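Student: Any chance you could fold what I've pasted below:
(one chain, ligands or ions: 1)
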Amino acid sequence: MKKLISLATLAAATLAATGTLAADFPVKDKPITIVVPFAAGGPTDRVARDLAEALRKPLGGATVVVDNAAGAGSSIGTNKVAKASPDGHTLLLAHIAMATMPSLLRNMPFKVETDFEYLGMVNDVPMTLIGRPSLSATNYKELTAWINQNKGKINLGNAGVGSASHLCGLLLQNAWQVDMTTVPYKGTAPAMTDLIGGQIDLMCDQTTNTTSQIEGKKVKAYGVTTLKRLTTPALKDLPTLDESGLKNFQVTIWHGLYAPKGTPADVQARINTALIAALKDPEFIKKQEGLGAVVVTDKRLEPAEHKKFVAAEIARWSPVIKAAGVYAD
Ligand code: ASP
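Tutor: Reported below is the predicted structural model:
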């Protein structure tokens, strides 16, 4: 009897703190929302939608939906999750911006280190440098000549300060020693529309968004941001930027899953177990590989290891960003 009372008290305390009973997670008929801090149809959104589908079964048939809370280089959606009820029903699929925002944004309304529970990592995704279809340059060498002839007139699209495309564009401008006009969007899906339409000239974006456009010859492709060429059929002939002359140019984007701080430990464990199962789903792996992404199978699947990895990424990118002298309020 005594034990029953203490369990009930514990359950009531959990309910008061989180609005849900950890043992009942996911709450029947209550959807789990994955917040994507970028526009629908873009690379982060694409990963989230595939993941939502793969998570359904390991989460006992729960409805998993995606909510695009885009803007401000992902800080709007990330903040939304930081302030959400910590009951496991609101999650964040974020990317490398978790590690670059702290250096790129001067006023962040949340702390990536302390306002989230880390649930595990999802994938690693290379980027590609692409251009509008009407650009005369057909390869990287011709592109650099075109850049030198058009200094001061070039527009570079990105998904806002703190985004992966912003980071990559920054590194490229540094490497080329050329300043370009950056055009921010709520994600690289709308930026891609403008690139194809010729409103902007260049963009650096994840292969999860660019593979089909490169394959369909809707954009010009100038290089991949890994040190080794990719094996994805549609991208295997695309030279690396490193081999084209940008020595050691390497940017790999990763995605992780997060919950608001205070999400009960057993709910976190339940989601991590479901995540690990989802990442073994052959359908999910096939879709990701077809888009040039590599699904995580190493220790970064464990929340503590993923957190260590993000801390190392913060330390890695901070001096690079500081040296470039860019930030936003
Ligand atoms: N690719 C975008 C970025 O540059 C994000 C997105 O639209 O998913 O960070």
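Student: Surely residue 35 is within a strand?
Tutor: Yes: Residue 35 sits within a strand when classified using DSSP: H, G, I helix; E, B strand; the rest coil.
Student: who touches it in this structure?
Tutor: By CB atoms under 8 Å, 6 or more residues apart in numbering, the residues touching residue 35 are 66, 67, 69, 77, 80, 81, 84, 90, 91, 92, 93. For the C-beta atoms, the positions are set from N, CA and C on the backbone; glycine is no exception.
Student: Save those as a markdown table, and put in secondary structure, distance to residue 230 and neighbour count too.
Tutor: Formatted as a markdown table, the contacts of residue 35 follow (DSSP: H, G, I helix; E, B strand; the rest coil; distance: CB to CB, whole Å; neighbours: other CB atoms under 10 Å):
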| residue | secondary structure | distance to residue 230 | neighbour count |
| --- | --- | --- | --- |
| 66 | strand | 26 | 16 |
| 67 | strand | 31 | 19 |
| 69 | coil | 31 | 18 |
| 77 | helix | 28 | 24 |
| 80 | helix | 33 | 18 |
| 81 | helix | 31 | 25 |
| 84 | coil | 36 | 17 |
| 90 | strand | 34 | 20 |
| 91 | strand | 29 | 28 |
| 92 | strand | 27 | 28 |
| 93 | strand | 23 | 25 |
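Student: Nearest to the ligand among these?
Tutor: Of all the contacts of residue 35, the ligand sits closest to residue 93, with 9.6 Å by CB to the nearest ligand atom.
Student: Please list all residues in contact with the closest one.
Tutor: 34, 35, 36, 44, 47, 48, 51, 122, 255, 256, 257.
Student: sorry, back to before: now render the contacts of residue 35 as CSV, adding distance to residue 297.
Tutor: Formatted as CSV, those follow (distance: CB to CB, whole Å):
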residue, distance to residue 297
66, 24
67, 28
69, 29
77, 27
80, 30
81, 26
84, 29
90, 27
91, 21
92, 22
93, 18
